[in-house]
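J.: Sequence isn't available, so here's the structure alone:
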């Protein structure tokens, strides 16, 4: 029954994909070619103008270009032209660094907030004001003060991933069942040991949910941040291809961003499952 | 007087005439002059001599008429000898050619991917930086504000900018006032007004009421030239049409989507609209103001003063590249050198049409305008004065303006001036020339009169 459901879902998925490709292909077919254009003039014009090629690339164009990119993902032809693999690598490294920094700050701080009602109340106004600020709004300030665009990008990732992690950690820690803490207290477990052996395992699923939300936001933001600072990364790649008005490459980049984002999310989802416990 | 012209030629035409570049009486004379210039700058040494001598002549005779009278009366050969008498041309040329030990060899220079940046970009793949002992990385940058910030942050040692930007930044229009220097103009001419293909029958600007236009930046020649052009045709650019700041690639996309009616934009976006069949070239900006400056090579003042030799070598590479790009026969090669994704990331045929000046206009005609874009690095201070009159005309700056003072402060760092100082001479304080924009003469000595002569301007 379960296997048959999975099979039927796969069939529907493939049918949807095929229909999507079919409609895409039909919608981007060339229109009538331009007539009465002298051959010398036609040589100076693009395919859109001469052969009525659609301005939107079709699935075949995208597929062919994607194959080209996948054949050599790590080429390096100077500071402004690197392979898709290298660009994705830069983006992942930036996200990784900023995210790690956020983990180092948000989880201890979240623990503190969750365990102490006083600190929780005291920090609450700051968190409430800082949380809704769009990460990119920090960019000009970061560029101006840090004076280094690539550290600024990492800072922006840090600032956007720190809040969900902080709030979720605090919430997870604060909502550990009072019975468990009381039991630990009765057994005269010290504060540090209580934090690591009782609260951390109990709050772990909530903390990891926060981390999973954060990595999603960080991956959303890195593309925009790299478009702004340029240089390297998948966001820069999109901007560069946009300059060239190459929609084919922009579509490929979108696909790649989606795949990598899914991958990052899946990794954290697996971690979440590992620490989840039945009550 | 172009920096690459022969400064000792009394017969050179100063104003628009009948040849393709507008500087000579006929095409034949133009060809002859081109040949003369080529032979004059055959060797490296000769080229430096040309640049230095040109600067010296200009400094000694700021008035074109006086220089001409002097050359006519004594002859070019005597003039060279006479000038050498009280200015060590040879020494200055040698100092200019050799320079001292480089303080820094690995440099980063930022650019925006448009054809205006041609000399800055091509100097990398074509080896002009390497020849002067520099290892320069040219880095594509996302926007003018990012370029400005990265130069201030010292991530970039120098950068490509719009020629009004150093003025605006220095005066604090649209940003904090920070003294900036602009040692060289990148390109002259090279922009166009592109209209949507659906307006191909509306060639008279008077019928453009209600149009939506785009320009790349508020403080750009594009903005001032478009406003000037519209106003000369009786349209108030602030009330009769809409002008928005739009990044260049979005100009083509918006034209295709019918969101705008046209733009005065940088190339390759004008030719790209034609190539993609969505627009046509209404007028080249060279037909609005022949020889107008557009983009510039800018460096922070700190870089100029703390690393004079590196700066000298860098500027020399740029001047050499500009001289190379000035020659029509090199343009095809340049188009192929800067087309790859590492630089402009455009189809080579588009760049070739822009740089050679033989291009499809989008209406079915092949136009031949060899001077569509040209390269001449001398930062005339009268250019700065004109830009400031337009900034004031459209309300970007207000009050009394020290036109000549600011122009001298920003458009100052020419190599010739620096080298003259090193040689113990008094450098010229003003390097101006008069010119005309759409047939209206501009006298850089009387900017306020010029400003008052316009009927259409922002009420202030």
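T.: Everything's here; your move. Computed from a prediction, not measured in an experiment: that's the story for all the values here. Numbers count the residues shown, from 1 in each chain, chains lettered A, B, ... in the order given.
J.: quick one: contacts for the closest residue to residue A:174 other than its chain neighbours?
T.: Leaving out its chain neighbours, the residue that sits closest to residue A:174 by CB to CB, 6 or more residues apart in numbering or on different chains is residue A:114, at 4.3 Å. Using the backbone N, CA and C atoms, a C-beta is placed for each residue, glycine as well. Shown in contact with residue A:114 (CB atoms under 8 Å, 6 or more residues apart in numbering or on different chains): A:120, A:169-174, A:199, A:203.
J.: does residue A:114 count as helix, strand or coil?
T.: Using DSSP: H, G, I helix; E, B strand; the rest coil as the criterion, the local structure at residue A:114 reads helix.
J.: State the pLDDT value of it.
T.: Among the per-residue scores, residue A:114 holds a pLDDT of 88.
J.: Residues of the stretch 101-250 of chain A that sit close to chain B?
T.: Counting by CB under 8 Å from any CB of the partner chain, the residues of the stretch 101-250 of chain A close to chain B are A:140, A:143-144, A:147-149, A:227-231, A:236, A:239-246.
J.: Buried ones among these?
T.: Among these, those classed as buried by neighbour count (16 or more other CB atoms under 10 Å in any protein chain shown) are A:143, A:148-149, A:227-231, A:236, A:239-246.
J.: Spatially central residue in chain A, please.
T.: In chain A, the centroid-proximal residue (CA atoms, centre = their mean) is residue A:219; its distance is 1.9 Å.
J.: what about the closest residue to that residue other than its chain neighbours, helix or strand, and which?
T.: Spatial nearest neighbour of residue A:219, excluding adjacent residues (CB to CB, 6+ apart): residue A:261 at 4.6 Å. The secondary structure element spanning residue A:261 is helix A:247-275 (assigned by DSSP states H and E).
J.: Could you report the neighbour count for residue A:129?
T.: For residue A:129, the count of nearby residues is 9 (other CB atoms under 10 Å in any protein chain shown).
J.: Now name the helix or strand holding residue B:271.
T.: According to DSSP H and E, residue B:271 maps onto helix B:269-275.
J.: Please pull out the lowest mean pLDDT helix or strand from the chain.
T.: In the absence of a named chain, chain A is used. Here the helix or strand of chain A ranked lowest by mean pLDDT, DSSP states H and E is helix A:47-51, holding a mean of 74.
J.: my bad, the chain I had in mind was chain B
T.: Scoring the helices and strands of chain B by mean pLDDT, DSSP H and E places helix B:415-422 at the bottom, with a mean of 48.
J.: contacting residues for the closest residue to chain A within the stretch 151-300 of chain B?
T.: When CB to the nearest CB is the measure, the stretch 151-300 of chain B has its nearest residue to chain A at residue B:277, with 3.0 Å between them. Going by CB under 8 Å, 6+ apart, residue B:277 touches A:34, A:45-46, A:48-49, B:197, B:362.
J.: what do you get if the cut-off is 6 Å, keeping everything else the same?
T.: By CB atoms under 6 Å, 6 or more residues apart in numbering or on different chains, residue B:277 lies in contact with A:48-49.
J.: And residue A:202, by the same measure?
T.: residue A:176.
J.: what's the angle between the host helix or strand of it and helix A:247-275?
T.: Using DSSP H and E, residue A:202 falls within helix A:200-229. With axes from the mean of the first three to the mean of the last three CA atoms, to 10 degrees as the basis, helix A:200-229 and helix A:247-275 are set at 170 degrees to each other.
J.: Centre of the chain to helix A:200-229, how far?
T.: Computed by CA atoms, centre = their mean, to the nearest Å, the chain-centroid distance of helix A:200-229 equals 8 Å.
J.: what comes into contact with stretch A:128-136?
T.: Surrounding stretch A:128-136, the residues in contact under the criterion CB under 6 Å, 6+ apart are A:156, A:159-160, A:163, A:221, A:224.
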